[in-house]
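J.: sequence-free structure coming up:
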């Protein structure tokens, strides 16, 4: 995609710039690590004659940008620095490392209206005050947002199918079951039965937890028991083989 070099202002060597790096969860298409992103961004800065002080490197590791409720401390800190007029050049491995939602771009453009910021990347250079570059970025972000929405829909559909089939949750191991959730560990299952018997007989979760710890019985994560841990086990439907999804019973495991 051609850039409009005639409109570009020359960069004064030694001008400070900021770097932003982000990596999301494994369902994101591009998983270029933040360390490699920073290295590539520093190479871009060197080619352009820009200087990046440590205080202007902003990183959000394992942070999704398409989820509207996801907090990004690095992004927020960077916007604050920009709003205070400290940053004129911003370097990112790719625009989708910065933005996956249109509102992210609009935040950046609003700040650039006052501070005239140029966005640099491995493939493109965008002048955020240039109407044509703003138009192209809006298209790119809309495409990224659509891609994220499609990925989210596919994941939700797959999770729904697993729930209806009674397939157990993946992730951390549940007490009483092997990691795949398909086999019972009888030694732990007996502890589960004991906890239920004692609780139904009127014993408090705190007393149950204290006794388990004294006997050096550990949780599925190898930690000590607490009253909340006991209550969580009692309230969990997985001990009865009931598959929950989005707060509803979806099938018998």
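T.: Yep, that arrived. Note that the coordinates shown come from a computational prediction; the quantities given were computed from them, not determined experimentally.

J.: make it CA atoms for all contacts and neighbour counts henceforth
T.: Will do.

J.: from residue 239, how far out is the residue of the chain most remote from its centre?
T.: Distance from the centre of the chain peaks at residue 201, with 43.3 Å (C-alpha atoms, centre = their mean). Separation of residue 201 from residue 239 (C-alpha to C-alpha, to the nearest Å) stands at 19 Å.

J.: swap in residue 135?
T.: Going from residue 135 to residue 239 by C-alpha to C-alpha gives 54 Å.

J.: of these two, who's got more company?
T.: More crowded of residue 135 and residue 239, by other C-alpha atoms under 10 Å: residue 239, with 18 against 11.

J.: quick one: secondary structure of that one?
T.: Residue 239 carries the three-state label helix when classified by DSSP: H, G, I helix; E, B strand; the rest coil.

J.: contacting residues around it?
T.: Contacts for residue 239 (C-alpha atoms under 8 Å, 6 or more residues apart in numbering) come out as 176, 192, 233.

J.: now do the contacts for the second one.
T.: For residue 192, the residues meeting the contact criterion (C-alpha under 8 Å, 6+ apart) are 176, 233, 239.

J.: which one of the residues you listed sits closest to residue 11?
T.: Taking C-alpha to C-alpha as the measure, residue 11 lies nearest residue 233 of those, at 61.1 Å.

J.: can I assume that closest one sits in a strand?
T.: No: read with three-state DSSP, residue 233 is helix and lies in no strand.

J.: pLDDT value on it, please?
T.: pLDDT recorded at residue 233 is 91.

J.: burial count for it?
T.: 16.

J.: for the remainder of this discussion, apply numbering that starts at 361.
T.: In the new count, where the first residue is 361, that last one comes out as residue 593.

J.: what distance do you get for it to residue 554?
T.: 12 Å.

J.: how about residue 454?
T.: Applying C-alpha to C-alpha to residue 454 and residue 554 gives a distance of 55 Å.

J.: of those two, who's got more company?
T.: Each of residue 454 and residue 554 has its neighbours counted (other C-alpha under 10 Å); residue 454 has more, 20 against 13.

J.: so which residues of the stretch 411-560 of the chain form helices?
T.: With DSSP state H, counting those that start in this stretch as the criterion, the stretch 411-560 of the chain has helices at 433-443, 455-458, 462-475, 491-524, 546-560.

J.: which of those helices sits closest to residue 379?
T.: helix 433-443 (9.0 Å).

J.: picking that back up, kindly reformat the helices of the stretch 411-560 of the chain as CSV containing mean pLDDT and distance to residue 584.
T.: As requested, the helices of the stretch 411-560 of the chain are arranged in CSV below (pLDDT from 0 to 100; distance: least, C-alpha to C-alpha, whole Å):
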stretch, mean pLDDT, distance to residue 584
helix 433-443, 89, 32
helix 455-458, 70, 40
helix 462-475, 83, 43
helix 491-524, 70, 30
helix 546-560, 93, 14
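
J.: Serialize those helices to CSV and add fields for distance to residue 482.
T.: As requested, the helices of the stretch 411-560 of the chain are exported to CSV (distance: least, C-alpha to C-alpha, whole Å):
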stretch, distance to residue 482
helix 433-443, 19
helix 455-458, 10
helix 462-475, 18
helix 491-524, 15
helix 546-560, 53
